[in-house]
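>>> Sequence and computational prediction follow.
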Amino acid sequence: VTRDLSGCGGPRLGIVGGGQLAKMTALAALELGCEVSILERSPASPAAPLSSHYAVGDWNDPETLLRLAERVDVLTLENEFVDAAALAAVAARGHALYPTARSIGLVQDKLTQKQALRAAGLPLPDFAAAESPAEVVAAGEALGWPLVLKARRDGYDGKGNATIEGARDVAAAWARLGGGERDLYVEAFCPFVMELATILTVGQDGRVASYPVVESEQRDHICHLVRAPATVPPRVYRQAEDVAQRAVAAVGGTGSFGVEMFLAPDGRVLVNELAPRVHNSGHYSIEGCATSQFENHVRAVLGLPLGSTDLRASAAVMINLLGHSEGPGWPAGVPEALAVPGVHLHVYGKARSRPGRKMGHVTALGGDPGETEERARRAAAALVFGAIQ
Ligand SMILES: Nc1ncnc2c1ncn2[C@@H]1O[C@H](COP(=O)(O)OP(=O)(O)OP(=O)(O)O)[C@@H](O)[C@H]1O
Ligand SMILES: [Mg+2]
């Protein structure tokens, strides 16, 4: 514990994890008058300055989780990697925890997640368990090349993924992802024409607040840009809404969920994956929607009514700011970026920039999608994290 400040008597929210998602959730919670407690592995984190109580510890240890649970009214998570059994132990002691240990357990192993989605009848790329390089080759022959080899657990920003063009690439990809020590599985490559995403917030009464369907563009498997709303035919838009609702219903739970989807060349919408938490594709909602994904998440876990998800502008464009190189967590180019009208800057407050690390984002709002994107790009281009000093 680094410090302990008492709050105003509002609900006490505990967040497991202290990264940028926890920070933006904590900001929404503080606006509502909540007191925020954080459990993080490292002594400094983006959410630390916002917390009344900050514990440094292992979030997979049930005792450590219990100590956090005992000092808050409701516990929530900023990532899906926390051990589901540890979470179940906390819930079994009567502590309120959202999303539930059950939905975390279903989602945190991507193979289990995809089996649950397939069992619920959702369309998704073919996949198969793969316990050896020979099984990957067999899957390639059955499903067709290319394949995407993925870590079943703890993958983020594409770090647990490798695309395999044919049998001769299997051994290298298997070794790179740590096959043998780490459980892997394979998916058929989806030659998508666009990636879509949406956020759904599920309230404790089961009501669902659906955010607009957005287009997300990844670079090197990392979310780069989000366009809200997605410019797709109404039939595709409705299909994405429907697929996302069914995917979230399949895992169940309370709070904000992110659903990543592929628009296939034949016009079908397939599920890529589900995140049982607030999601990068919903960051635009802070300024872009009447109620952000973070505020609705806080409302949901506290059992409060959800707010409107209506867009506050015709177009919103969000661009992630990744670290260029080693350096401080504050970027060069802030005056130039903020000189661009209608642009909002979020600097996450990480102590250090590293190449490819998510350091912040910008969101632009406007009337015309192309012009809005141009402003977002201009602001993002001005900002550099890491030393080009
Ligand atoms: N089966 C697939 N076919 C085609 N592209 C894929 C496939 N699976 C993943 N990708 C590409 O890689 C990106 C990252 O994959 P995935 O969502 O599995 O990774 P992740 O590490 O969980 O990422 P994040 O945590 O950032 O969402 C996808 O957004 C997509 O661009
Ligand atoms: Mg993903």
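Done, it's in. Ligands and ions are numbered 1, 2, ... in the order given.
>>> starting at the chain centroid, how far to stretch 335-349?
22 Å (Cα atoms, centre = their mean, to the nearest Å).
>>> what about it, how long is it end to end?
Length of stretch 335-349, first residue to last, Cα to Cα, to the nearest Å: 17 Å.
>>> Show me what residue 384 is bridged to.
residue 332 (DSSP bridges).
>>> What distance do you get for it to residue 225?
Residue 384 sits 17 Å away from residue 225, going by Cβ to Cβ, to the nearest Å. From N, CA and C alone the C-beta is placed, and that goes for glycine too.
>>> again, but for residue 29
Applying Cβ to Cβ to residue 29 and residue 225 gives a distance of 28 Å.
>>> swap in residue 237?
In terms of Cβ to Cβ, residue 237 sits 19 Å off from residue 225.
>>> Tell me the residues of the chain that contact ligand 1?
125, 148, 150, 155-161, 187, 189-190, 195, 218, 221, 223, 260, 272-273 (Cβ under 6 Å from any ligand atom).
>>> can you do 8 Å?
110, 125, 148, 150, 155-161, 163, 187-192, 195, 216, 218, 221-223, 260, 262, 272-273, 275, 279-280 (Cβ under 8 Å from any ligand atom).
>>> what does stretch 288-295 contact?
24-25, 27-28, 31-32, 199, 201, 209, 211-212, 228, 256, 278-279, 282-283, 285-286, 299, 306-313, 316, 318, 363, 365 (Cβ atoms under 8 Å, 6 or more residues apart in numbering).
>>> Turn the buried ones among the residues you listed into a named ChimeraX selection, would you?
The buried residues among the contacts of stretch 288-295 can be selected in ChimeraX (16 or more other Cβ atoms under 10 Å) with this line:
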select :24,25,27,28,199,201,209,211,212,228,256,278,279,282,283,285,286,299,306,309,311,313,316,318,363,365
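>>> Among the contacts of stretch 288-295, which lie within strands?
Among the contacts of stretch 288-295, the ones falling in strands (DSSP state E) are 199, 201, 209, 228, 256, 316, 318, 363, 365.
>>> between the residues you listed, which is nearest residue 336?
Proximity of those to residue 336 was ranked by Cβ to Cβ; the top entry is residue 363 with 16.8 Å.
>>> Quick check: the gap between that closest one and residue 8.
Residue 363 is 30 Å from residue 8, by Cβ to Cβ.
>>> Give me the buried positions along the strand or helix carrying residue 65.
Using DSSP states H and E, residue 65 sits within helix 62-70. For helix 62-70, a neighbour-count test (16+ other Cβ under 10 Å) marks 62, 64-65, 67-69 as buried.
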